[in-house]
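Student: Just the structure for this:
(2 chains)
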There are 2 protein chains.
Amino acid sequence: MHDDARLVRRSFDPSGLAKEETLFALSNGRVGLRGDQDEGGPAWHRGTYVNGFFDGEPIAYGEKAYGYAERHQTMLNVPDAKRFTLELDGRPFRVDDPSVFSYSRVLDLDAARLDRVVDLRLPSGAVLRVRSSRLACLARPSTAAFGYGIRVLSGEVRVAVRTGLDPELGNLSSRDDPRVGARFSERPLIVATSGRSARTVRLGCLTRSSGLGLGCASAQRAILSRRSAAAMERTPDDEPGPAPFELSWTLALAAGDELVVEKTAAWVPGAASALEGLVDAARADAEAALASGFEALAGEQRAIAASFWERADIRVGGDEASQEALRFNLFHLWQAAGRDGRSGLCAKGLTGEGYEGHAFWDTEIYACTVFDYVAPELSRALLSWRHGTLDKARARARQLSHRGALFPWRTIDGNEASAYYPAGTAQYHINADIAYACERYVSASGDGRFLREEAAEIAVETARFWLSLGHFGRDGRFHIHCVTGPDEYTALVDDNRYTNRMARRNLLLAARVVELLEAEAASGSGGALERLRARTALEPEEAAAWRKAAEAMELSVDPETGVTPQDATFLSKPAWDFAGTPKDKYPLLLHFHPLEIYRRRVLKQPDVVLAQFLLPAEFDAEQKRRDFEYYEPLTTGDSSLSHCVQSVMAAELGEVGKAWDYFTRTSRMDLDDVHGNARDGVHIAAMAGTWISAVCGFGGFRELDGEWSFAPRLPEAWTSLEFRLALRGARLSVRVGRAGTEYALEAEAAPDAPEAIVLRHHGRAFELRRGGTRRFPGLSA
Amino acid sequence: MHDDARLVRRSFDPSGLAKEETLFALSNGRVGLRGDQDEGGPAWHRGTYVNGFFDGEPIAYGEKAYGYAERHQTMLNVPDAKRFTLELDGRPFRVDDPSVFSYSRVLDLDAARLDRVVDLRLPSGAVLRVRSSRLACLARPSTAAFGYGIRVLSGEVRVAVRTGLDPELGNLSSRDDPRVGARFSERPLIVATSGRSARTVRLGCLTRSSGLGLGCASAQRAILSRRSAAAMERTPDDEPGPAPFELSWTLALAAGDELVVEKTAAWVPGAASALEGLVDAARADAEAALASGFEALAGEQRAIAASFWERADIRVGGDEASQEALRFNLFHLWQAAGRDGRSGLCAKGLTGEGYEGHAFWDTEIYACTVFDYVAPELSRALLSWRHGTLDKARARARQLSHRGALFPWRTIDGNEASAYYPAGTAQYHINADIAYACERYVSASGDGRFLREEAAEIAVETARFWLSLGHFGRDGRFHIHCVTGPDEYTALVDDNRYTNRMARRNLLLAARVVELLEAEAASGSGGALERLRARTALEPEEAAAWRKAAEAMELSVDPETGVTPQDATFLSKPAWDFAGTPKDKYPLLLHFHPLEIYRRRVLKQPDVVLAQFLLPAEFDAEQKRRDFEYYEPLTTGDSSLSHCVQSVMAAELGEVGKAWDYFTRTSRMDLDDVHGNARDGVHIAAMAGTWISAVCGFGGFRELDGEWSFAPRLPEAWTSLEFRLALRGARLSVRVGRAGTEYALEAEAAPDAPEAIVLRHHGRAFELRRGGTRRFPGLSA
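Tutor: The predicted structure is shown next:
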């Protein structure tokens, strides 16, 4: 597909250890492996994570009140399978050993694999090549695969290799940074059962309080390319005792000899009560994978990755740094998402412990925006996961004296885990974000079944929530008070315009779905309405009430300036003293009390502008410009979610240079560790934001109520931009060049895909048939 | 002075144990003794407290942010001296023993002592009388005194008594009630040194982290009224070993014999590094007091109490329940206050562990309102304590990016200990409350030295704070955003009218003091201005800037209704569903999430109405009526600080029946355990509120910028009301009867007291000379 999709390091840099562990992480949406070095050290934090596998503990509040979230949730660092302990002539080897004279590490995005090659010269004069490879198997949710080889290039060496499972690792602790969180710095898992055979190591682990169990197994075998003089010694079968859960091989190698250890590992989470079965399943998965062999597994992996890139690849001409960032970020985004409908997408993927492994609105508003068009099956899986937590959301709404359902601001299992409600539970907009993502997924994919089942149920319960949260004021408008919008530099405000705007959309979606199902029921087609009624106790007048609230929603602009106020009082707040705030006082949240930040006219991210990106048809161009220009100088960008949206809207306003500036601050956030916290994991939302900036910003791609439009505007640095989109199963490729833009609809498509689609190029509508191409000269309208 | 000032119990009620321990507590402002039974049981919680003696631990936040209070502070339960372990014929005795046939317990408010008399008939047929007495010595800050006697009325008995110090008690833990708090349920103190002699027991205790030490000693001796046949056995002198820190006496008593153990105990707090000296001081204090003997100590005590009641007694005719409550509450209020200028006044006094022993604004706005007129030396001591914490308040303001000083919302040592800033640090009004109390104390007492020194410094630093917290808006008004007023059922609002009104007063006070000192300096009298400048780096233009902000302060009323809005958005909040809220859902804070409470038009207490009580000259009668009537139906009274203010203002509006209703809900809050939490300590603010309701409500007493006025309105239930007030050292007594009101100024007064004062009776001004009396017929103007 493309030939330079690789993140490459040609030397080992100990100072970048923590960040590199994050960048070189692998995942298949279930299992995540940090990119720590194979020998277990040097390491900043060796991490292995299983999506949805967590432990909880009561949240300690200095002062507690009714309805506070009860328990922390923390994604656990599970037993590690990455480590291969290597001794050469009796001395432990690590990659920072002075014997190393050549180092190469490659994250191959096309193959979804990590390879390392190290050459070293021992004190004896012997020269060795140590090669390792790693996969988080995309075809096998539970499984990871490893290869570790020692080849003697010259001389002789006595080699000992040990590997298996290491349950001794704990989670990181906090350091007072709210962006990390602090739990379980002690070893979090209880090893309840274990076993070892000639080929496998098995562990059954229990959490301390969340009631979960984890079966873990590794299978490994050694392959000697040429038998040397000494026999290979191996750990005896089923050796008892508490020794490390490892197998070992010891032998002497001579020039030309190569010892390769192939290994697979599987982690199978489930209920604690089913632990034995989980261990058996893990063992079976690991053994089955080992039986295939590493090369076959790597082949499977490459095929799946190729299929993704086939649909999703994005290319820019003339700018290698952007190209690297676009592909790297898209790869991480793609590999991070839960795929099974029972797990979500952590804010840091499965690459680190930042935000404790919680999912936020990033999933729906950032990640799904990408998946809808390049991997819609992932949007569906993530939204199905949300739908599966609906009963918990219903219970939470009841607890808070409301009807319907309230989804959690941050969670692993669907229960609210936010310990600071002003920037947690008060972010009610999560409800509308989820409903919005349902609507957009359906619109992009044409998945009518999802609309009528999961989306309908979500829309009804969230619409009910809004009706019960808000009220009709003396002015006849529908107001929603005491909320926190996406901009966390204000809190507990009235009529946050993002929240109101999205809540309105949520109410209308619910009304439209119910009306659709009623119409279908009236015409005798389908039982979706009956099922919805059964699941939600829907009453006849509800849709009308939602419409009424939506139509009366408070969305007024400031009469003096025409600016959309972020909330009822935002425009009258005193100014932030930007001139008097030195650079080292950013991000503000680490240097100023929330009261001082909330009090003043300063933003973490411009949520009015975000709403204008998400709902482009609801604002005219002048409004967008006014608001963009008003909020821009007030925005710190202390949120990693801010710049990509500003980039998109700057592009829409024709300010391509500014859009480019914002793009560069988003696109290499992790690659260049812009926020200094890449060690804690990648910034999934910013990674999605990179694609969004490119496709929706420079490509000008929007969906406007079922119609798709483009308004390409290339930045100076790029000679071209190519991307692909899945639109209701049809596959569109867009190529923007200096000379013009070309739209091509592939002949092949999904079974239900339309024969033709209508698009707009800078406002000009045109139809594109399957197999057809349309070219527009020039760069702008 | 009066003859029925006693709280009496004629039987022991085990079900009221927890509450009675609170009601029967004694204190001298330094040492507090809960009213637990002498034998150590039955007990709900045996408590002994030393004002200002606390330990801290880091506050655990679910999510932490910059500027949060770092450490909890918890008043510690210190070694207990109250327990006398008694064995009769080898069986342990407690007051719930079935042998008891007569029980009497009396808290004597005139004598500031607690007495208990128990008669019992043993299985042997012997009849005994066990008497105990207890004092928290008002003349000796460190010291408490005890008497414990066993008298044989008939028969014979073998008696064993042990007493000393018990360091084994810990603090209570929370039970999730924010009104209690939860710290140090483990034994909090480290016993670092101990010793015992023939007469004394000594302990040196260290806190775990606050760096404080506590010297404790008890001294005791047994007195046998008639030597019986058996010799008295006693603990040998200076017996070594880890045995309980007690001395014991064992002997056989025959009819007519009486064994009395007299005991004193002292607690001397200080720096941990000075522990040895603290123990020596405690021992010296205990021994000196024991040398005086219990009866002499009781005599000292009675004299001090009499002097207080001489100045402070308040009498009502025709209503014994009110009479009991008025005296009981006033007694508790008086005994609770720190007297040494280095300790404050806990919200629960020294009677229990509710609110962890913290001082709040209750001190200045409730307690000092009483003390200013009946015990001004206590107001001065408490305000001196605040002044002593000014450097900590300066540091806190700097930490929060402000100038001047910010006093803590809750504290023991002057550092902020509030773990929930929306109802903690955001209650900036504490600053204005303290400045207000300084102003009123000076006005009531005429203490010009305090005005020019401590008050001036406090006023300058708090005024600076307001100027830096607020801002001039586009409308030219001075606004203060993102604050929480006294009504904690709203939070983080703009322009809370109580806060703005009191901040204005604070700014004007600072300006007036500075201008006064400038004028005095110009006329060459006194160096107060120089000292103030040295302490505050006062600049020439500051007073003018304070005046400007004060004059522009946003205080507007709602143009439609004329109501003073509680804050910028209060009137537009949706209504609370009072009709749909069952009684068992109160207090709301225990049954609804803060977001739901904050969102709606519902009050814990009406702070607009409070401002109108505190600053009566700033509002006209119509405004007061409008606001009272608007807020009354919205007020839950979930705060114990609410009803007394509503009572006062109802009386001012002539609604005496309503005033009476509110009075009854305040006055017996602890006696009748109205809120069900008397076990955690008395409600000091409500106790002050009882006096305030009577004197300022039914007496109609107000200070209006240096003038005092009265507007008596007796409730139906009362035939008369008499109270006394100290006014600039002159002593006024007021007697309100059905036939009229009599004002009398005593001939004797303090040296600087004025010869005559001008008063108003229902608006009518009159002068009263020392020794003079003035009588107004009828009940109202």
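
Student: hey, where'd the helices end up in the stretch 201-350 of chain A?
Tutor: A:275-292, A:294-312, A:320-336 (DSSP state H, counting those that start in this stretch).

Student: tell me what the first one is packed against?
Tutor: Here helix A:275-292 is seen to pack against strand A:143-154, strand A:190-196, strand A:200-206, strand A:212-224, strand A:258-271 when contacts are counted using 3 or more CB pairs under 8 Å, 6 or more residues apart in numbering or on different chains; DSSP states H and E. Backbone N, C-alpha and C define where each C-beta goes, glycine included.

Student: what do you get for the last one?
Tutor: Packing contacts for helix A:320-336, counted by 3+ CB pairs under 8 Å, 6+ apart, involve strand A:26-27, helix A:294-312, strand A:315-317, helix A:368-374, helix A:656-667, helix A:684-692.

Student: Could you point out the helix or strand that follows it?
Tutor: Counting by DSSP states H and E, the next helix or strand C-terminal to helix A:320-336 is helix A:362.

Student: Show the end-to-end separation of stretch A:131-144, please.
Tutor: 17 Å (CA to CA, to the nearest Å).

Student: Any idea which helix or strand in chain A has the lowest mean pLDDT?
Tutor: Sorted by mean pLDDT, DSSP states H and E, the helices and strands of chain A end with strand A:233-234, the least confident at a mean of 66.

Student: How about the stretch 201-350 of chain A: which residue is closest to chain B?
Tutor: For the stretch 201-350 of chain A, the residue closest to chain B is residue A:347, as judged by CB to the nearest CB, at 14.1 Å.

Student: Assess the claim that that residue and residue A:362 are in contact.
Tutor: Yes - if you go by CB atoms under 8 Å, residue A:347 and residue A:362 touch, sitting 5.4 Å apart.

Student: Among the two, which residue is more densely surrounded?
Tutor: In this view residue A:347 and residue A:362 are compared by other CB atoms under 10 Å in any protein chain shown, and residue A:347 has more residues nearby, 29 against 25.

Student: State the distance from the residue nearest to the more buried one when sequence neighbours are not counted to residue A:212.
Tutor: Leaving aside its sequence neighbours, residue A:347 sits nearest to residue A:355 (CB to CB, 6 or more residues apart in numbering or on different chains; 4.5 Å). According to CB to CB, to the nearest Å, residue A:355 stands 19 Å off from residue A:212.

Student: So the two - more neighbours on which side?
Tutor: Higher neighbour count among residue A:355 and residue A:212: residue A:212, with 25 against 21, using other CB under 10 Å.

Student: Who does the more buried one form a beta bridge with?
Tutor: Here residue A:212 shows beta-bridge partners residue A:271, assigned using DSSP bridges.

Student: quick revisit: pick the most deeply packed of the helices of the stretch 201-350 of chain A.
Tutor: helix A:320-336 (a mean of 23; mean count of other CB atoms under 10 Å in any protein chain shown).

Student: quick one: average pLDDT of that one?
Tutor: For helix A:320-336, the mean pLDDT works out to 97.

Student: the inter-axis angle of that helix versus helix A:294-312?
Tutor: If you take axes from the mean of the first three to the mean of the last three CA atoms, to 10 degrees, helix A:320-336 sits at 110 degrees to helix A:294-312.

Student: now helix A:320-336: how far from the chain's centre is it?
Tutor: 12 Å (CA atoms, centre = their mean, to the nearest Å).

Student: Output the helices and strands packed on helix A:320-336 as CSV; include the columns distance to residue A:141 and mean pLDDT.
Tutor: Below are those laid out as CSV (distance: least, CB to CB, whole Å; pLDDT from 0 to 100):
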stretch, distance to residue A:141, mean pLDDT
strand A:26-27, 11, 98
helix A:294-312, 12, 97
strand A:315-317, 30, 96
helix A:368-374, 18, 98
helix A:656-667, 30, 96
helix A:684-692, 19, 97
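
Student: coming back round to it: quick one, which of the helices of the stretch 201-350 of chain A is nearest to residue B:590?
Tutor: helix A:275-292 (39.7 Å; CB to CB).

Student: tilt between the closest one and helix A:294-312?
Tutor: Going by the same axes, to 10 degrees, helix A:275-292 makes 90 degrees with helix A:294-312.

Student: Just the CA atoms of helix A:275-292, as CSV, please.
Tutor: Taking C-alpha atoms only, helix A:275-292 is exported to CSV below (Å, rounded to 0.1, in the frame of the first residue of the first chain):
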residue,chain,number,x,y,z
LEU,A,275,-11.3,-18.6,36.9
GLU,A,276,-10.5,-22.2,36.0
GLY,A,277,-12.2,-22.0,32.7
LEU,A,278,-10.5,-18.7,31.9
VAL,A,279,-7.1,-20.3,32.5
ASP,A,280,-8.0,-23.2,30.3
ALA,A,281,-9.1,-20.9,27.6
ALA,A,282,-5.9,-18.9,27.8
ARG,A,283,-3.8,-22.0,27.6
ALA,A,284,-5.8,-23.3,24.6
ASP,A,285,-5.4,-19.9,22.8
ALA,A,286,-1.7,-19.7,23.5
GLU,A,287,-1.1,-23.2,22.4
ALA,A,288,-3.2,-22.9,19.3
ALA,A,289,-1.3,-19.8,18.3
LEU,A,290,2.1,-21.4,19.0
ALA,A,291,1.1,-24.3,16.9
SER,A,292,0.6,-21.9,14.0
